[in-house]
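Participant: this one's sequence-less:
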DNA sequence: GCGGATATTATTCAAGCGTATAATAAGCCC
DNA sequence: GGGCTTATTATACGCTTGAATAATATCCGC
């Protein structure tokens, strides 16, 4: 007859906990295994609470998707701004995307689970689109600054095409490197990424990849 | 009291039907919506039959995963062998991977749904690995032949690195082009792919992308 | 065309699902 | 520290799930 004792948390805190628990469950059991009860258990609460913070399970999943994507993009952007020159910033951005914590099997599982829902639920498509544009724009900005720094004239159209190709390469290496992590040493993947990027931009070999710090 | 009339199909035929129905359901309703009953309905049979051909739902999903992946790889390989020179074969292989029917939202949904299960179920990881190797090896073979044709000496190690980068680029463009199909004209994506590949291989601009048939 | 083998249907089962509602413990204000 | 608000628990509900079983329609060899 005795109820569980509990702590009344702040709204922000509780929502965060629920979202993190959602991601844990999806990563561990798949989107099928991420049930309301499982998530609640993981968050240390009871199932009913979810409906107090979200209008339903679907809306919570969507919030979780946002969290994953902004996490990935922000990690790479944060790494980039540490660089002192445009070249260094570009370089750091690329490397961050093929290096932990971005290359993480768990993150990839989550990403894929959400991607597979894009065609089914339009609200997931919107989240994807937001983040794709943010990533592409970040890349384009880095590129434009880099070309300017090199006194190299590149039309906006070319710049966009380069951004699309770089985005593809980075995404692809991220996939490969995370799914077949045992095949690549951590440095190897980053090295390949830099060499490939300098080739894509028609730079001199070593211009990005040479081990300058 | 009257039972449905039905047709006794051959094992191969029935398994095929069930697998196709499984893919339909995953694409349409997500992996959550791909229930035994839904799949059976789609295949025009009743639920119980699934257990007659597969030891369980999971094994059927795995068979469906195999089907999707071999389909994608084989389409690209089939396109490649039509080429007369090594260069043409490489070119056709690349283009096929960023062109319908490979760039198809449905295929991407399926692919992503399965990818998200790799970390959960080791048997899915095995399927992924098989196909990743097959794709990488196909690419490596095409590349080796191409370099030989060009009388260009490239060490096996370099060749492998190039294959990894090309694989990444192709996968990434496939993702981008399929998820944001409205942003790219069909030719535009293939054009970008070819220009990027020739850059990655340090070829002369236009060496692959110039509109030779 | 008949009989036997079996592919397929029909039905049942227990478990788990997302959601709704009512009871209650927690913590802040005065 | 007593009362009010409400975050949280507890419980119940109606459905759906994957799987197991029994009944039966189909078709092949003869």
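Facilitator: Happy to help now that I have it. None of the values given here were measured: they were computed from a predicted structure.
Participant: CA only for contacts and neighbour counts going forward, please
Facilitator: Noted.
Participant: residues in contact with the residue most central in space within chain A?
Facilitator: Closest residue to the average C-alpha location of chain A: residue A:72 at 2.5 Å, with CA atoms, centre = their mean. By CA atoms under 8 Å, 6 or more residues apart in numbering or on different chains, residue A:72 lies in contact with residue A:102.
Participant: residues in contact with the strand or helix carrying residue A:158?
Facilitator: Using DSSP states H and E, residue A:158 falls within helix A:156-179. For helix A:156-179, the surrounding residues in contact (CA under 8 Å, 6+ apart) are A:94, A:97-98, A:103-105, A:108, A:136, A:139-140, A:143-144, A:183-184, A:189, A:193, A:197, A:200-201, B:164-165, B:167-173, B:175-176, B:192-193, B:196.
Participant: would you mark the buried spots in it?
Facilitator: Neighbour-count burial for helix A:156-179 flags A:159-179 (criterion: 16 or more other CA atoms under 10 Å in any protein chain shown).
Participant: equivalent analysis for stretch A:203-213, please.
Facilitator: Buried residues in stretch A:203-213, counting neighbours by 16+ other CA under 10 Å, are found at A:208-209.
Participant: does it reach chain B?
Facilitator: No - legend: contact between stretch A:203-213 and chain B by CA under 8 Å from any CA of the partner chain is lacking; minimum distance shown is 9.8 Å.
Participant: need the contact partners of that stretch.
Facilitator: The contact list for stretch A:203-213, computed with CA under 8 Å, 6+ apart, reads A:87, A:91, A:191, A:194-195, A:198-199.
Participant: now that stretch, how far from the centre of its chain.
Facilitator: A distance of 26 Å separates the centroid of the chain from that of stretch A:203-213, by CA atoms, centre = their mean, to the nearest Å.
Participant: do the same with stretch A:121-135
Facilitator: The answer for stretch A:121-135 is 12 Å, by CA atoms, centre = their mean.
Participant: same question, stretch A:195-206
Facilitator: Taking the mean C-alpha point of stretch A:195-206 and that of its whole chain, the gap between them comes to 24 Å (CA atoms, centre = their mean).
Participant: and the residue nearest to the centre of chain A, how far from DNA strand C?
Facilitator: Distance of residue A:72 to DNA strand C, given as CA to the nearest atom of the strand, to the nearest Å: 26 Å.
Participant: can you pull out the helices in chain A?
Facilitator: A:11-33, A:36-43, A:50-53, A:57-81, A:86-97, A:105-115, A:122-149, A:156-179, A:186-200 (DSSP state H).
Participant: related to what we said a few turns ago, take the contacts of stretch A:203-213 and write them to JSON lines, including distance to residue A:67, pLDDT and neighbour count.
Facilitator: Conversion of these to JSON lines gives the following (distance: CA to CA, whole Å; pLDDT from 0 to 100; neighbours: other CA atoms under 10 Å in any protein chain shown):
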{"residue": "A:87", "distance to residue A:67": "29", "pLDDT": "96", "neighbour count": "20"}
{"residue": "A:91", "distance to residue A:67": "25", "pLDDT": "96", "neighbour count": "22"}
{"residue": "A:191", "distance to residue A:67": "29", "pLDDT": "94", "neighbour count": "18"}
{"residue": "A:194", "distance to residue A:67": "28", "pLDDT": "97", "neighbour count": "24"}
{"residue": "A:195", "distance to residue A:67": "31", "pLDDT": "97", "neighbour count": "23"}
{"residue": "A:198", "distance to residue A:67": "32", "pLDDT": "96", "neighbour count": "20"}
{"residue": "A:199", "distance to residue A:67": "33", "pLDDT": "97", "neighbour count": "23"}
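Participant: number of residues surrounding the residue nearest to residue A:124 when sequence neighbours are not counted?
Facilitator: Ranked by CA to CA, 6 or more residues apart in numbering or on different chains and with sequence neighbours excluded, the top spatial neighbour of residue A:124 is residue A:118, at 5.0 Å. When neighbours are defined as other CA atoms under 10 Å in any protein chain shown, residue A:118 has 21 of them.
Participant: right, and residue A:118 touches residue A:125 too?
Facilitator: Yes - using CA atoms under 8 Å as the test, residue A:118 is close enough to residue A:125 to be in contact (4.7 Å).
Participant: follow-up on the earlier one: now the angle from the helix holding residue A:158 to helix A:186-200?
Facilitator: Using axes from the mean of the first three to the mean of the last three CA atoms, to 10 degrees, the interaxial angle of helix A:156-179 with respect to helix A:186-200 works out to 160 degrees.
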